[in-house]
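Student: Generate coordinates for the sequence data below:
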Amino acid sequence: MKKRLIHLLFSLFILISVNTVFAQDPPPPPSGGHGQSGNQTPGGSAPIGNGLFILSALAAAYGSYKVYRWKFQSSKKDEQ
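Tutor: Numbering: from 1, shown residues only. Okay, here's the model as predicted:
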């Protein structure tokens, strides 16, 4: 019971704090003489596609390992 209460309070805290936490303001645009033409985005554009693919592939591999291990252990218990 106590563990459920702690989880509930923590979940409520997270849900409430998300509404009150704000990110930083974007940086000011560069001055006119920055040497680049056109509309430049502040901060550039970081390629995150490959990182997301690698992360999801590792998560799928880890999940399949956990399922395989769980099935192997449960079949081993059935034999005993």
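Student: where are the low-confidence patches of the chain?
Tutor: Low-confidence segments of the chain, defined by pLDDT under 70: 19-24, 29-49, 76-80.
Student: Select the longest helix from it.
Tutor: Longest among the helix segments of the chain by residue count, using DSSP state H, is helix 49-79.
Student: Go through it and flag the buried ones.
Tutor: By 16 or more other C-beta atoms under 10 Å, helix 49-79 has no buried positions at all. C-beta coordinates here come from the backbone N, C-alpha and C atoms, glycine included.
Student: which strands and helices sit next to it?
Tutor: Applying 3 or more C-beta pairs under 8 Å, 6 or more residues apart in numbering; DSSP states H and E, one finds that helix 49-79 contacts no other helix or strand.
Student: ok, now how distant is residue 15 from residue 9?
Tutor: In this view, residue 15 and residue 9 are 11 Å apart by C-beta to C-beta, to the nearest Å.
Student: With residue 54 instead?
Tutor: According to C-beta to C-beta, residue 54 and residue 9 sit 36 Å apart.
Student: Look at residue 27 and tell me its secondary structure.
Tutor: At residue 27 the chain is in coil, as set by DSSP: H, G, I helix; E, B strand; the rest coil.
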